[in-house]
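**Q** how would this look folded up:
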Amino acid sequence: MRCTRILGKTGMNRKNLMPRTLEGQITMEKTPSYFVTKEAPKRIFSMSKDTKLIVVVRNPVTRAISDYTQTLSKNPGVPSFQMLTFKNMSTGLIDTSWSAIRIGIYAKHLENWLQYFPLSKILFVSGERLVSDPAGEMGRVQDFLGLKRVITDKHFYFNETKGFPCLKKPEGSSRPRCLGKSKGRTHPKIDMEVVLRLKEFYRPFNLKFYQMTGHDFGWE
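**A** Numbers count the residues shown, from 1 in each chain. Below you'll find the model as predicted:
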């Protein structure tokens, strides 16, 4: 296997901090801010034109609420989700300067990446399917990387408490591995009118994203 560096999700490459990649190995670097950082595609392309990109996306409305939930857990004094969402609540104008909203405009960010990387170098992973069918999505990841399908459905179990799958460890090891306490938090109750307005806002961007990727993620 050719030495390849892989970018997971979405910041700036720090090649000097990466481990040496030997023949038959894959080096992976994962930073969520890559996908939305304007300078990232050019810098990564300059580092390696053979880089493969894995982008995990989920319903942008759910993603925005999740982002807010995490912020709220660290700073209980932040304004309400509704106040942060709208520039003008009376007109329903969405505030796209708020990062929780801006990140979910996937089509806009993807346009930046497609200036440097073809779609064949990018795998889009559904965040929803990672929950409903983790083995299936991981199968796609392994195929994309040219790896043998080692991770299958026998490696996952659904954790009812957290509400998402956890990874089973090899026999004889300790407890199964689940994501930490920062994941799986209960979302605050958001007024349905706010949710509907956000769905309306994202709809054209979602449709464009489906067209660009050739994949309908089913975000209603």
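**Q** Name the nearest residue to the spatially most central residue of the chain, sequence neighbours excluded.
**A** In the chain, the centroid-proximal residue (Cα atoms, centre = their mean) is Val56; its distance is 3.2 Å. Nearest non-adjacent residue to Val56, counting by Cβ to Cβ, 6 or more residues apart in numbering: Val125, 4.5 Å away. No exception for glycine: its C-beta is placed from N, CA and C like everyone else's.
**Q** Could you do Thr213 as well?
**A** Among residues not flanking Thr213 along the chain, Phe124 sits closest, at 5.3 Å (Cβ to Cβ, 6+ apart).
**Q** The one you found bridge partners, please.
**A** Val55 (DSSP bridges).
**Q** For it, give its distance to Lys87.
**A** 30 Å (Cβ to Cβ, to the nearest Å).
**Q** Of those two, give the one with the bigger neighbour count.
**A** Taking neighbours as other Cβ atoms under 10 Å, Phe124 and Lys87 compare with Phe124 leading, 19 against 12.
**Q** what separates the more buried one from His187, distance-wise?
**A** Per Cβ to Cβ, Phe124 is found 24 Å from His187.
**Q** got the buried residues for the lengthiest helix in the chain?
**A** As assigned by DSSP state H, the longest helix anywhere in the chain is helix 192-213. By neighbour count on 16 or more other Cβ atoms under 10 Å, the buried set for helix 192-213 is 194-195, 197-198, 201-202, 206, 208-210, 213.
**Q** just stretch 33-51 next, same as before
**A** Neighbour-count burial for stretch 33-51 [16+ other Cβ under 10 Å]: 34-37, 40-41, 44-45, 48, 51.
**Q** Report the mean confidence score over it.
**A** Across stretch 33-51, the average pLDDT comes to 92.
**Q** Centre of the chain to that stretch, how far?
**A** Centroid separation for stretch 33-51 versus its chain: 16 Å, with Cα atoms, centre = their mean, to the nearest Å.
**Q** mind checking how far Ala64 is from Lys168?
**A** Taking Cβ to Cβ, one finds Ala64 at 32 Å from Lys168.
**Q** What ranges does the protein have for its strands?
**A** Listed in chain order, the strands found in the chain under DSSP state E are 4-8, 26-30, 52-57, 86-88, 93-94, 122-126, 156-159, 164-167.
**Q** Cheers, nothing more for now.
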